[in-house]
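Visitor: Quick one: sequence and predicted model below, then my questions.
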Amino acid sequence: MATTADAVNAFLAEQANDGHIETLRPVIRKRREALRIMRVSALKVGDEITTAEIRPKYFAGLNGTLTHISAPSRGSRQSTVIRLDAESTQRLRQRYWIPEDEMEYQIDVIPLAACFLKGTAPAK
């Protein structure tokens, strides 16, 4: 019989002790990293994205289209070029110098790890 997420949650809520919880920390960290790698490797040029999990926070919640993804390299995070939509361009204009006549703005300071397919970004 397979263990369900509900069964694991019930165990953690009702029976887990400190030892159980401490054992889970590295497992959770590894799983989150694996999920991040799968998510990032699935992104491609042309995808509509939303930014999240990034600092400074004013970069979070921007929407646009991936127009370039750098090649992966050892020890370096992959960078992107994103063409922001009009609403995100206007929002970023409050913090960043963007010419007033620009309706869409191309930005190249967002790491690929901060890009999520539109509609899948974690809640703010």
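Guide: On my side now, so go ahead.
Visitor: partners of the longest strand anywhere in the chain in the sheet?
Guide: Scanning the chain for the strand with the most residues, using DSSP state E, yields strand 63-69. Sheet pairing for strand 63-69, assigned by DSSP bridges, gives strand 48-51 (antiparallel), strand 80-84 (antiparallel).
Visitor: Work out for me the element residue 29 sits within.
Guide: helix 18-42 (DSSP states H and E).
Visitor: can you pull the buried residues of that helix?
Guide: Neighbour-count burial for helix 18-42 flags residue 40 (criterion: 16 or more other CB atoms under 10 Å). Using the backbone N, CA and C atoms, a C-beta is placed for each residue, glycine as well.
Visitor: Counting by contacts, list what it packs against.
Guide: helix 5-14, strand 115-117 (3 or more CB pairs under 8 Å, 6 or more residues apart in numbering; DSSP states H and E).
Visitor: Can you lay out these as TSV showing mean neighbour count and mean pLDDT?
Guide: Converted to TSV, the helices and strands packed on helix 18-42 look like this (neighbours: other CB atoms under 10 Å; pLDDT from 0 to 100):
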stretch	mean neighbour count	mean pLDDT
helix 5-14	10	90
strand 115-117	19	96
